[in-house]
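In: the sequence and its predicted three-dimensional model are supplied below.
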Amino acid sequence: SPLRKLPGPTASLFTSLLLKWKEMNAARTIYIHALHDEYGPVVRIAPNEVSFTSWAALKEIYCSGGSGYDKSDFYNLFRIFGRRTMFTTLNKADHAKRKRILADRYANTNVMRGASLEGIQERSRAFLHRCTDAGSSATDVFVSRLNESNPDWNLGRTLFADRLHQISLHAYACDCVTHHLFHPNGSDCIGNKADEEMMHQVAADDSLQTLHRIFAGILSLFVKPRSVPLADNYVLETSKRTDAASFTLMSRLEEKAAVVDPIDMAAECLDHMVAGIDTTGDTLCFLMWELSQPRSVHLQRRLAEELRNNPELGIDQLPFLDAVLCEGLRCYPAIPMSLPRLVPQGGRVVDGYSIPENTIVSCQPHSVHRMNKNVYPDPEKFHPDRWMEAEGDADRRRLLFSFSNGGRGCIGKHLAIAEMKMLLRDVYSRYYTTPDASMTAESMAMSDQLISTRPLGKSCLLKFHALPGTDTKEGC
Ligand code: HEM
């Protein structure tokens, strides 16, 4: 193997079978992380594939020349209506062309103003309204319908039907992202069953099997990886309308109708909808779970104090809220797995190693956030205060890889941050949350999915307790 000089297990010189076996068993991310623990920041994981964790490598792979190396054909799997969207374009030039069209609608200034932000606020209030309804019941904040396939959960539901309540964070995420795509034609998954059903088709979709990843190149020639007729239909119909508000992505696409045809518009919108549901929903779910633990009581108290003492401040002016969210994104990246790229023609030097062209190289957020102990000391600990220190702030922020980095990093980052801060502010200024007694740490362990993660038990039961002096009707 041309990669023989790199650290890594001997078997990886000859075969990628072990890596594929781990993928089939939904253990790729953890396996690669264990290899980093053993071999350090650079590790050969297959004869043609290397994983890195340092800032030098991350910068080279994802930021060199603006948007880093081209994507590998793994991304062919995610084509929609047979079209390439911004996410699935493989090379820089095609990507840059599409991004130039879309970027301004996701700029922080566009997200954080007027009707855009008001829509997020409205949806967060709708979520609060459901918290109020829950009273002292255990509330499942995970995507919920998945659980219907779980016999244990169904048994629990029969036994505790009177005290089990559901408010899906994924429904909130779907309503927020469709608001940004289509207002006034966004979804109402929190209040409307048909919309919720549509969201369930796209959220945490079990049809995306790990096997698809392994055979991505071949499978994508033959199969449509997702079957989401309700969402397809919603997006195709909504994107035909011409009344989208000026802050929405749809209005931008309409302005560009001369260069983006209707199917491309719908494909782009569906892609953003899918990209914005599990990611935001899962991050909030893991973060609220962490905050609900007895070890985090002091953090919840501090967060509530900051929020209640500063009702006049905007969501972007609350330092402890920001610290809690950054730490949530660090500890629980919704996409913890490698983001694969191809070394360009002629090969490159990455983190001091010569890597030949066409080698698949990547960093995975799960390991980047744990291996750099000089930047994130005591990395396994949920410790928001690390984000409150001025010293090292720039290093911490540039290494936070949950949204990736460089020109192909997450375009929805500002939208996602606004959604998450709004919901956390609204919930934790009125409630404190505790885990339901039936929940275990194992059931909330990270379950490796094709691209995102989710709780192993596919459920996150929390209790919402009104804080003293809270008028819970305010949420209505
Ligand atoms: C916590 C929430 C989110 C996280 C953690 C997240 C994470 C990521 C990551 C890691 C990537 C790079 C993927 C890769 O290179 O394979 C990405 C790309 C992308 N994300 Fe997000 N995302 C989030 C929310 C959103 C939202 C709300 C939207 C909706 C608009 C969105 C739309 C996209 C798109 C369109 C891309 C492709 C960008 C490109 O190729 O230039 N994401 N996201």
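Out: Ah, there it is.

In: ranges for the strands of the protein?
Out: Listed in chain order, the strands of the chain (DSSP state E) span residues 42-46, 49-52, 138-140, 164-166, 341-342, 348-350, 353-355, 360-363, 431-435, 446-448, 453-455, 461-466.

In: which stretch in those strands is the model least sure about?
Out: Mean pLDDT values for the strands of the chain show the minimum at strand 164-166, a mean of 67.

In: ok, which of the strands of the chain comes nearest the ligand?
Out: When those are ranked by distance to the ligand, counting by CB to the nearest ligand atom, first place goes to strand 341-342 at 8.2 Å. Placement of C-beta: from N, CA and C, glycine included.

In: count of neighbours near the nearest residue to Leu325 once chain neighbours are set aside?
Out: Computed as CB to CB, 6 or more residues apart in numbering, the closest residue to Leu325 that is not its neighbour in sequence is Met420, at 5.8 Å. Residues contacting Met420 under the criterion other CB atoms under 10 Å number 27.

In: what sits closest to Asp393 if chain neighbours are left out?
Out: Closest to Asp393 by CB to CB, 6+ apart is Trp387, at 7.7 Å.

In: for that neighbour, give me the pLDDT.
Out: So, for Trp387, pLDDT stands at 98.

In: pretty sure it contacts Ala323?
Out: Yes. Using CB atoms under 8 Å, Trp387 makes contact with Ala323 at a distance of 3.7 Å.

In: reformat the strands of the chain as a markdown table; add distance to Gly409 and mean neighbour count.
Out: Below are these laid out as a markdown table (distance: least, CB to CB, whole Å; neighbours: other CB atoms under 10 Å):
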| stretch | distance to Gly409 | mean neighbour count |
| --- | --- | --- |
| strand 42-46 | 22 | 23 |
| strand 49-52 | 17 | 25 |
| strand 138-140 | 32 | 24 |
| strand 164-166 | 33 | 20 |
| strand 341-342 | 13 | 22 |
| strand 348-350 | 18 | 17 |
| strand 353-355 | 22 | 18 |
| strand 360-363 | 12 | 24 |
| strand 431-435 | 31 | 20 |
| strand 446-448 | 22 | 18 |
| strand 453-455 | 18 | 24 |
| strand 461-466 | 31 | 21 |
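
In: in a markdown table, list those along with distance to His129.
Out: Listed next are the strands of the chain as a markdown table, based on distance: least, CB to CB, whole Å:
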| stretch | distance to His129 |
| --- | --- |
| strand 42-46 | 47 |
| strand 49-52 | 44 |
| strand 138-140 | 13 |
| strand 164-166 | 12 |
| strand 341-342 | 44 |
| strand 348-350 | 50 |
| strand 353-355 | 53 |
| strand 360-363 | 40 |
| strand 431-435 | 13 |
| strand 446-448 | 30 |
| strand 453-455 | 25 |
| strand 461-466 | 12 |
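
In: with respect to Thr283, which of those lies nearest?
Out: strand 453-455 (9.7 Å; CB to CB).

In: OK, contacts around the most centrally placed residue in the chain?
Out: In the chain, the residue lying closest to the centroid (CA atoms, centre = their mean) is Thr279, at 2.3 Å. Residues counted as contacts of Thr279 (CB atoms under 8 Å, 6 or more residues apart in numbering) are 173, 334-335, 416, 452.

In: pull the contacting residues for the residue nearest to Leu325.
Out: 280, 283-284, 287, 325, 328.

In: top of the residues you listed by neighbour count?
Out: Leu284 leads the contacts of Met420 on contacts (other CB under 10 Å) with 28 neighbours.

In: and Asn108, how many neighbours does it have?
Out: For Asn108, using other CB under 10 Å, the count is 13.

In: my error: substitute Tyr428 in the last question.
Out: By other CB under 10 Å, 25 other residues sit near Tyr428.

In: tell me the spacing between the closest residue to it other than its chain neighbours and Phe247.
Out: The shortest distance from Tyr428 to any non-neighbouring residue, by CB to CB, 6+ apart, is to Leu303 (5.0 Å). From Leu303 across to Phe247, the span is 29 Å (CB to CB, to the nearest Å).
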